[in-house]
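Peer 1: Have a look; sequence and predicted model below, questions after that.
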Amino acid sequence: MSDLKVQAAVSDGRGGTVVQELVLPPKVSRLRVESSAVCGTDVALHGGGLKQPAILGHHVVGRVDQLADADAAALGVAVGSRVVVEEYVGCGECVECRADRYRLCPSVDLWTGGERVGMIPASRGSGLHGGNAGYLELGVHHRVHPVPDHLSIELAAWALPLANAVDWTIDTGCSGPGKHVVVIGPGYHGVACVAAAMASGAASVTVLGRTSSADRLDMARALGAVPELSDDGAVRRVLDRVGPVDIVVDTIGSPQTVATALALLGRFGVLVMAGLAGVDSAIDPTAIVRNMLTVRGVRGRSPEAVRRAIELLADGSTGLDSLPTHFVSLEQVGETLQAMGAGKGPVTPHVVIDPWLLVEADTAHSRPLEATP
Ligand SMILES: [Zn+2]
Ligand SMILES: [Zn+2]
């Protein structure tokens, strides 16, 4: 066995990314990366959120390519398994890890200096600790979930955003048959929350967004949601159409969106707070008390939510295959994240890095969904 040379997009955390060849030593457990879906966290890390250069990419799907014996037992999968890799590499020993709440392990908590897949310094070990590379190094504390082979690359790449949405909308918000749901913000996770609410059998799903998000609102409509512009009349229009709302998932978290949510919710309603745009906002507690509301913050997702998201994708009931996928090569990672940071990214929220996609620098970025002979 010999070293494996791996192409990787290494981001400097100051807005620059270059493709470099890194080396994976023999006998190391590794994943051959199939896709690495981009989310807002990547854009923030790329624009100035990294302390040291790192390979970004924390929504990773791939195939287990090689396994050390100790890792095989811990990971619970075999060589050849197609899996989604969570970004949480917990310590395995703390109270949270032992309770399978590894998303709350101090070692992965970004508020206390923790780190995750997609932000671990490239200077550490092989450096291959993010999805934007041909291979990802695996270890005993990685968390992986099997993905059926029949799922398309496009749908499999939705696994973690949809898992977040399942956790927030169904597990935390209690979306289900008969429930009226409003999702605020038609971004990547907002669209996924629409899909989760629809899959749960909600009576109605409304998505609120600005005129600048018209294309995303149309995509949410294709999933079954009713889009509404978030103007002064939005609350009245929603209340007139569906009555008091049972669940609001706020993916923005600004003073305005929280006020909108509190105005929409009826008795025993649930406000799920999944965004943090307005940390200084003071919340008027009147509606919370009067309507006996539940306000819940959410962070990431449970392992059970990942398994259910994969099941939903596999049984074809999410509708997410109707959304376009914008594929990006390793060479295009920097320019794509920069464009997204400037608000000039692709129209679709589903931006997926395919590390094996080789494109000429001047060709169109989007890969056709079906190969032409
Ligand atoms: Zn993310
Ligand atoms: Zn831990």
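Peer 2: Good, I have the coordinates. Ligands and ions are numbered 1, 2, ... in the order given.
Peer 1: Spell out the secondary structure type for the residue nearest the centre of the chain.
Peer 2: Nearest to the mean C-alpha position of the chain, by CA atoms, centre = their mean, lies Pro161 at 3.1 Å. Secondary structure state of Pro161, per DSSP: H, G, I helix; E, B strand; the rest coil, is helix.
Peer 1: Does it touch Ala192 like I think?
Peer 2: Yes - counting by CB atoms under 8 Å, Pro161 does reach Ala192; the two are 4.4 Å apart. Quick note: C-beta positions are derived from backbone N, CA and C, even for glycine.
Peer 1: and the gap between the residue nearest to the centre of the chain and ligand 1?
Peer 2: Pro161 sits 7 Å away from ligand 1, going by CB to the ion, to the nearest Å.
Peer 1: Now do the contacts for that residue.
Peer 2: Ala37, Cys39, His59, Tyr188, His189, Ala192 (CB atoms under 8 Å, 6 or more residues apart in numbering).
Peer 1: Buried ones only from the residues you listed, please, as a ChimeraX command.
Peer 2: Restricted to buried positions by 16 or more other CB atoms under 10 Å, the ChimeraX selection for those reads:
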select :37,39,59,188,189,192
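Peer 1: out of the contacts of Pro161, who's near ligand 1?
Peer 2: When contact is defined as CB under 5 Å from the ion, the contacts of Pro161 meet ligand 1 at Cys39.
Peer 1: what's the closest of the contacts of Pro161 to ligand 1?
Peer 2: Ligand 1 has its nearest neighbour among those in Cys39, at 3.3 Å by CB to the ion.
Peer 1: how about the closest one, what does it touch?
Peer 2: By CB under 8 Å, 6+ apart, Cys39 lies in contact with His58, His59, Pro161, Tyr188, His189.
Peer 1: I'd assumed His350 was in contact with the fourth one.
Peer 2: Just to be clear, that refers to Tyr188. Yes - taking contacts as CB under 8 Å, Tyr188 lies within contact range of His350: 7.3 Å.
Peer 1: ok and the residue in the stretch 151-300 of the chain nearest ligand 2?
Peer 2: Going by CB to the ion, ligand 2 is nearest to Gly300 of the stretch 151-300 of the chain, at 13.9 Å.
Peer 1: Next, count neighbours for the nearest residue to that residue once chain neighbours are set aside.
Peer 2: If the residues on either side of it in the chain are set aside, Gly300 comes closest to Arg103, at 4.3 Å by CB to CB, 6 or more residues apart in numbering. Around Arg103 there are 21 other residues, counting by other CB atoms under 10 Å.
Peer 1: Close to ligand 2: what parts of the stretch 1-150 of the chain are there?
Peer 2: Checking the stretch 1-150 of the chain against ligand 2 by CB under 5 Å from the ion, the hits are Gly90, Cys91, Cys94, Cys97, Cys105.
Peer 1: Touching, the third one and Pro106? I think so.
Peer 2: Yes - the criterion here is CB under 8 Å, and Cys94 meets it with Pro106 at 6.4 Å.
Peer 1: which parts of the lowest-mean-pLDDT helix or strand in the chain are buried?
Peer 2: Using mean pLDDT, DSSP states H and E, helix 69-75 stands out as the lowest-scoring helix or strand of the chain, at a mean of 92. By neighbour count with 16+ other CB under 10 Å, helix 69-75 contains the buried residues Asp71, Ala72, Ala74, Leu75.
Peer 1: ok, which pair from those residues is furthest apart?
Peer 2: Ala72 and Ala74 (7.5 Å; CB to CB).
Peer 1: Mind checking the pLDDT average for the next helix or strand after the least confident helix or strand of the chain?
Peer 2: Helices and strands here follow DSSP states H and E; after helix 69-75, the next one along the chain is strand 82-85. Throughout strand 82-85, pLDDT has a mean value of 98.
Peer 1: Name the strands paired with strand 82-85 and say parallel or antiparallel.
Peer 2: Here strand 82-85 is paired, per DSSP bridges, with strand 60-66 (antiparallel), strand 144-146 (antiparallel).
Peer 1: Can you tell me what sits against the helix or strand following that strand?
Peer 2: Next along the chain after strand 82-85, taking DSSP H and E as the criterion, comes helix 95-98. Residues outside helix 95-98 that contact it (CB under 8 Å, 6+ apart): Gly90, Cys91, Tyr102, Arg103, Leu104, Cys105, Pro106.
Peer 1: which of these count as buried?
Peer 2: Buried, going by 16+ other CB under 10 Å: Gly90, Tyr102, Arg103, Leu104, Cys105, out of the contacts of helix 95-98.
Peer 1: Now do the contacts for the residue nearest to the last one when sequence neighbours are not counted.
Peer 2: Same thing as Cys105. Spatially, and ignoring its direct neighbours in sequence, Cys105 is nearest to Gly90 (3.7 Å; CB to CB, 6+ apart). The neighbourhood of Gly90, defined by CB under 8 Å, 6+ apart, consists of Glu96, Cys97, Tyr102, Cys105, Ser107, Val108, His141, Arg143.
Peer 1: Recalculate using a threshold of 7 Å.
Peer 2: For Gly90, the contact set (CB atoms under 7 Å, 6 or more residues apart in numbering) comprises Cys97, Tyr102, Cys105, Ser107, Val108, His141.
Peer 1: Which members of those residues are positioned in helices?
Peer 2: Among these, the ones falling in helices (DSSP state H) are Cys97.
Peer 1: Ala282: which of the contacts of Gly90 is nearest?
Peer 2: Distances from Ala282 to the contacts of Gly90, taken as CB to CB, are shortest for Val108 (30.5 Å).
Peer 1: Tell me if I'm right that the closest one and Gly118 touch.
Peer 2: No - counting by CB atoms under 7 Å, Val108 sits too far from Gly118 to count as a contact (11.3 Å).
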